[in-house]
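>>> Next comes the sequence, and after it the predicted model I'd like to discuss.
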Amino acid sequence: MAAPVIAAHAPVATGDSPDGGRYRSALTLLASLFFMWGFITVINNTLLPHLRSVFDLSYTQTTLIESVWFIAYFVASIPSAKLIERIGYQRSLVVGLVIMAAGALGMIVAARIPSYGVTLFALFVIASGITLLQVAANPYVAVVGKPETASSRLNLVQAFNSLGATLAPLFGGYLILGRSTSGTAAAGAAALTPAQRLADAQSVQLPYLIVAVVLVLLAVVIARSPLPAMGSATKRNAKADRANHSLWSHRNLIFGIPAIFIYLIAEIGVGNLFINFISQPEIGNTTHEQAAHYLFLLWGGMMVGRFVGSYLMQRIPAEHVLAAASIGACVVMLVATFTTGHVAMWALISVGLFHSIMFPTIFTLGIRGLGPLTEEGSGLLIMAIAGGALVIVQGKLADMYGLQNSFLLTAACELYVLFYAVWGCRVSAEVAAKSGAE
């Protein structure tokens, strides 16, 4: 399950070295990948309420769509790691983009049938391509530069992921919800006729065709770009070099894996059910298309939060910023659960600001001090993104106890992130002592 990524102890050129300019160029190009997978992932947030109407799904069936998306992270992570090791970093990025483009074309096929099952499969293919990109890109960004600013650096690049996520609701709201009967209907409107369902299903063809074309063009750019060869830094350490090390001695990793897993339940649950929540008569009383504009603010808050977090972490320990963010997230989720109207609506919108720094910060804290085990640790942390698949639990809670009450699960997730920031992320004393001796 090891991902062939850069070992934290390997010498890597930074901006101060002769090759620093090439690495800055590489990171700029990688930022475009972060943008694209953020954009495509969040299109799902406008797609889900659309599919719920088209296929007349329960909340459980609706969140199953996103669960399939995140199951791909678990299934595809190990094959992705092996592929990167076999064909190299740059070619793997190209393959990942081509896989995503194939999945986008699959969505067009699903829309023409239309088919709930084919939709699930196409989304799984897209997510598998994103997994291949994630396995390489996140650890790469984390270790190119000074270790103490790794969280700041990954938050900065992840801000471009959030930029894509911020623009996606506008794209999906206009081209999917804005062009469908279900997306423009008032809350509580009558069920769609068969003809309306077919027309609505086919409204996703144009946006996914655009996505497929952009992905293919980006694959061509990556294939033709002179990305710097990372040399020995990208290769797995010899077994003998890792023989005296154990992942189980690194508390920050052991508690970091469930921290990412649990955090993803919170982030994906909010994003998936946001439009349905905002459009309720007692909350925002809007159409799905109008609610998509508020989703723009949720992901915009994540983008702003990552830029601010990147700045703060150059001056404040990352774990302190993470603790403050988890407290803020828990508070606003409780407000969203137990109030109504615009107070509840803006509380849910504001959680994006607090969620913004969580994934990149947990990731960099999780691989801190791993040394020759950085590869194995990075692979496990990427696999933990599969936690987003458990959003189906929140869908089940929404069906049983009401959509608003289901956000108590999100508040509970924030408490685990707080635990990790306060205690779980600390490097074990014996590991710290050994690192100091070395």
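Perfect, thanks for sending it. Treat the numbers as computed from the prediction; the structure is a model and nothing was measured.

>>> Can you give me the neighbour number for the nearest residue to Ala31 once chain neighbours are set aside?
Nearest residue to Ala31, sequence neighbours excluded (CB to CB, 6 or more residues apart in numbering): Phe160, at 4.2 Å. C-beta coordinates here come from the backbone N, C-alpha and C atoms, glycine included. Applying other CB atoms under 10 Å, we find 20 residues neighbouring Phe160.

>>> begin at 627 from here
Sure, I'll start numbering at 627, so the last one becomes Phe786.

>>> Pull the contacting residues for Phe786.
Ala657, Ser658, Phe660, Phe661, Gly664 (CB atoms under 8 Å, 6 or more residues apart in numbering).

>>> State the pLDDT value of Cys1051.
Cys1051 carries a pLDDT value of 94.

>>> Quick check: the gap between it and Gly664.
Cys1051 sits 25 Å away from Gly664, taking CB to CB, to the nearest Å as the criterion.

>>> Likewise for Ser875?
Counting by CB to CB, the gap from Ser875 to Gly664 is 34 Å.

>>> Neighbour count for the two, which is higher?
A count of neighbours by other CB under 10 Å puts Gly664 above the other of Ser875 and Gly664, at 25 against 15.

>>> Which neighbouring residues are in contact with the more buried one, exactly?
Counting by CB under 8 Å, 6+ apart, Gly664 touches Phe786, Asn787, Ser788, Leu789, Gly790, Ala791, Ala794.

>>> again with Ile891
Contact partners of Ile891, counting by CB under 8 Å, 6+ apart, are Gly1013, Gly1014, Leu1016, Val1017, Val1019, Gln1020, Leu1035, Thr1036, Cys1039.

>>> how about a cut-off of 10 Å?
Listed by CB atoms under 10 Å, 6 or more residues apart in numbering, the contact set of Ile891 reads 696, 1013-1020, 1035-1036, 1038-1039, 1042.

>>> and if you look at Gly910?
Going by CB under 10 Å, 6+ apart, Gly910 touches 813, 901, 903-904, 916-917, 920, 967-968, 970-972, 974-975.

>>> Just the closest of the contacts of Gly664 to Pro884, please.
Asn787 (22.2 Å; CB to CB).

>>> what distance separates the helix or strand hosting Ile891 from the middle of the whole chain?
Taking DSSP states H and E as the definition, Ile891 sits inside helix 877-904. For helix 877-904, the separation from the chain centroid amounts to 9 Å (computed by CA atoms, centre = their mean, to the nearest Å).

>>> Any chance of the contacts of Phe786 in JSON lines with secondary structure and distance to Leu890 as columns?
What follows is the contacts of Phe786, written out as JSON lines (DSSP: H, G, I helix; E, B strand; the rest coil; distance: CB to CB, whole Å):
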{"residue": "Ala657", "secondary structure": "helix", "distance to Leu890": "22"}
{"residue": "Ser658", "secondary structure": "helix", "distance to Leu890": "23"}
{"residue": "Phe660", "secondary structure": "helix", "distance to Leu890": "17"}
{"residue": "Phe661", "secondary structure": "helix", "distance to Leu890": "20"}
{"residue": "Gly664", "secondary structure": "helix", "distance to Leu890": "14"}
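
>>> now, which of the residues you listed sits nearest Ile993?
Phe660 (17.9 Å).

>>> And for the closest one, the neighbour number?
Quick note: Phe660 (other CB under 10 Å) scores 25 neighbours.

>>> on that earlier part again, buried residues in the helix holding Ile891, which are they?
By neighbour count with 16 or more other CB atoms under 10 Å, helix 877-904 contains the buried residues 877-883, 885-904.

>>> Which residue ranges make up the domains of the chain?
Using the TED database, the domain parsing of the chain gives 653-803+818-853, 871-1062.

>>> element containing the nearest residue to Gly804 once chain neighbours are set aside?
In this structure, Gly804 finds its nearest non-sequential neighbour in Glu915, 5.0 Å apart by CB to CB, 6+ apart. Here Glu915, judged by DSSP H and E, is contained in helix 914-938.

>>> Could you do Asp826 as well?
In the assignment (DSSP H and E), Asp826 maps to helix 820-828.

>>> and that helix, what does it pack onto?
If you count contacts as 3 or more CB pairs under 10 Å, 6 or more residues apart in numbering; DSSP states H and E, helix 820-828 packs onto helix 646-680, helix 715-738, helix 807-810.

>>> count of neighbours near the closest residue to Asn878 other than its chain neighbours?
Nearest non-adjacent residue to Asn878, counting by CB to CB, 6+ apart: Cys1051, 4.9 Å away. Cys1051: 25 surrounding residues under other CB under 10 Å.

>>> after the helix holding Glu915 comes which helix or strand?
Using DSSP H and E, the helix or strand that follows helix 914-938 in sequence is helix 944-964.

>>> by how many degrees do that following helix and helix 877-904 diverge?
Between helix 944-964 and helix 877-904, the angle comes out at 30 degrees (axes from the mean of the first three to the mean of the last three CA atoms, to 10 degrees).

>>> Could I get the buried residue list for helix 944-964?
By 16+ other CB under 10 Å, the buried positions in helix 944-964 come out as 944-945, 947-952, 954-963.

>>> Could I get the average pLDDT for it?
For helix 944-964, mean pLDDT is 97.

>>> What of stretch 683-703?
On average, stretch 683-703 scores 83.

>>> next one: stretch 733-749
Mean pLDDT, computed over stretch 733-749, is 89.

>>> how about the CA coordinates for it, as CSV?
The C-alpha trace of stretch 733-749 is given here as CSV (Å, rounded to 0.1, in the frame of the first residue of the first chain):
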residue,chain,number,x,y,z
MET,A,733,-21.6,10.3,-17.9
ILE,A,734,-22.8,11.3,-21.4
VAL,A,735,-23.7,7.7,-22.1
ALA,A,736,-25.5,7.4,-18.8
ALA,A,737,-27.5,10.5,-19.6
ARG,A,738,-28.6,9.3,-23.0
ILE,A,739,-30.0,6.0,-21.6
PRO,A,740,-30.7,7.3,-18.8
SER,A,741,-29.3,4.8,-16.2
TYR,A,742,-28.6,5.1,-12.5
GLY,A,743,-26.2,2.1,-12.6
VAL,A,744,-24.2,3.5,-15.5
THR,A,745,-24.0,6.9,-13.7
LEU,A,746,-22.5,5.2,-10.7
PHE,A,747,-19.9,3.4,-12.8
ALA,A,748,-18.9,6.5,-14.7
LEU,A,749,-18.4,8.5,-11.5
